[in-house]
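In: curious how this folds, go ahead:
(chains A and B)
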Amino acid sequence: MAELDTSGGGKHKGGKVRTKKKATRVDLTAMVDLAFLLITFFILTTTLSKPKAMELVMPDKDDKNTQEPVPESRTMTLLLGDNNKLEWFVGEPGKTQPAVIGYGKDDLRKILVDQDNAIKQSHGGQDMIVVVKPSSQSTYRNVVSVMDELNITGIDKRAIVDITPVELGLLKRDGLYK
Amino acid sequence: MPRVKVARKSTAIDMTAMCDVAFLLLTFFILSAKPKTQDPTKIGIPAATIIGPIPEVDFSTILIGQGKVFFNVEGDDVRKQTLKIMGDKYKIAFTPDESTAFAGTESFGLPISQLKGFLDMDPKQRAAVAQPGVPVDTTNTNELYDWVHSARLATQYLHNKDLKIGIKGDSEEEYPTVQKVISSLQKQKVNRFNLITALKSK
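Out: Numbering: from 1, shown residues only, chains lettered A, B, ... in the order given. Presented below is the predicted three-dimensional model:
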């Protein structure tokens, strides 16, 4: 690759001692290598470091017109507890036994899809409504995970609502809230 | 018959032009790269699958970490105007120097009563200050509410656009702090905002 200096060679026997003529060309290979390495680095860092965001739309608290009555039988409630666990139930609190699950795609996503299908069948194609109730011991990550799972499963009727004492009691009973 | 000799070509290529182009591109990328801004607290953002890009102008970021809230709005002109509106509201007169210092400050987390002293320090001292966070509580008029409101007014006044708001929260942050921030946004009818997240594979 690099230019070989072939102009040298031992002393001329018996001849005059000539000063070696130096090549004016500089080997740029290493310099180009380095430049392209840096270019690659800058290209990757500029495009990858752009922050991305998930859009979150909260219902308007004051607008009474858009609020519609929520039938309990179509409502699925998610109670977010501590230690990255949550409870879910369909219907009114206390009437159906809540189940404790994790946030993984085998737990939460499966249940969301199953319940959505079940409710669509029993209610003539009407959508399931998901109410997310984060307790004060759940983390921001948990809320983001739940909203993301809802985005993935395409359930767009959802709301983040404050938790009620009855539901806190359920979390406490199952050891998800201290 | 004499053999046909193949002319021996030199293996060396002239790299001058290639080198020129490479450095031109390098210069372009270095100049267009935005310097990474340092967050005042350690924030590990959560990951989500379905995410979109966020705007770079007319954008405000609220950082939440370790129970503290920090506020930032993009653009020097918007920052200056925001500080002016806040100064009028809280009856604090900021000097032009302080205003310039504020325009160069990324995120800050101080009650407005301490802001003047903070801006009078030189930049090195400022980095050493432990910032207690912008006061947020459940009352109607907390300082974060006013900052967001002023920033929205300033964007509307200068650029005639709506300010977009992003929340950059730490994964391990407990929900009540986030809830307080969201409710101060909802009180001024900002019901659409962005949660800044990293990309996660399905």
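In: give me the number of residues near the residue nearest to residue B:175 when sequence neighbours are not counted?
Out: Excluding its sequence neighbours, the residue lying closest to residue B:175 (C-beta to C-beta, 6 or more residues apart in numbering or on different chains) is residue A:134, at 4.3 Å. (Glycine included, C-beta is placed from N, CA and C.) Residue A:134 has 25 neighbours, counted by other C-beta atoms under 10 Å in any protein chain shown.
In: and for residue A:16?
Out: Other residues near residue A:16 number 5, with proximity taken as other C-beta under 10 Å.
In: what about the strands in chain B?
Out: Along chain B, counting by DSSP state E, strands occupy B:47-48, B:52-53, B:59-65, B:68-73, B:164-169, B:192-199.
In: show me what the second one is in contact with.
Out: Which is strand B:52-53. Strand B:52-53 has contacts (C-beta atoms under 8 Å, 6 or more residues apart in numbering or on different chains) with A:50, A:52-55.
In: go with 10 Å
Out: Strand B:52-53 has contacts (C-beta atoms under 10 Å, 6 or more residues apart in numbering or on different chains) with A:50-55, B:194.
In: point out where the chain drops to low pLDDT.
Out: Because you didn't say which chain, this covers chain A. By pLDDT under 70, the weakly predicted segments of chain A are A:1-15, A:47-50, A:61-70, A:93-94.
In: not quite, go with chain B.
Out: Residue ranges of chain B with pLDDT under 70: B:1, B:35-38, B:138, B:140-141, B:201-202.
In: redo that, cut-off 80
Out: B:1-5, B:7-13, B:33-43, B:50-51, B:56, B:123, B:127, B:137-141, B:199-202 (pLDDT under 80).
In: how about the helices in it?
Out: Secondary structure of chain B by DSSP state H: the helices cover B:16-32, B:76-90, B:96-103, B:112-120, B:123-128, B:143-159, B:175-187.
In: of those, which is nearest residue A:32?
Out: helix B:16-32 (5.1 Å; C-beta to C-beta).
In: and the closest one, anywhere near chain A?
Out: Yes: contact of helix B:16-32 with chain A (C-beta under 10 Å from any C-beta of the partner chain) involves B:16-32.
In: where do the strands sit along chain A?
Out: A:52-57, A:75-80, A:86-90, A:99-101, A:129-134, A:158-160.
In: just those strands: most buried one?
Out: The highest mean neighbour count among these, using mean count of other C-beta atoms under 10 Å in any protein chain shown, belongs to strand A:75-80: a mean of 23.
In: so what angle separates the directions of it and strand A:86-90?
Out: With axes from the mean of the first three to the mean of the last three C-alpha atoms, to 10 degrees applied, the angle from strand A:75-80 to strand A:86-90 works out at 170 degrees.
In: can I get strand A:75-80 as PDB, trimmed to CA atoms?
Out: Extracted C-alpha coordinates of strand A:75-80, given in PDB (Å, rounded to 0.1, in the frame of the first residue of the first chain):
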ATOM      1  CA  THR A  75     -62.900  -1.000  32.000                       C
ATOM      2  CA  MET A  76     -59.600  -2.600  32.800                       C
ATOM      3  CA  THR A  77     -57.700  -1.000  35.800                       C
ATOM      4  CA  LEU A  78     -54.000  -1.300  36.200                       C
ATOM      5  CA  LEU A  79     -52.700  -0.500  39.700                       C
ATOM      6  CA  LEU A  80     -49.000   0.200  39.700                       C
END
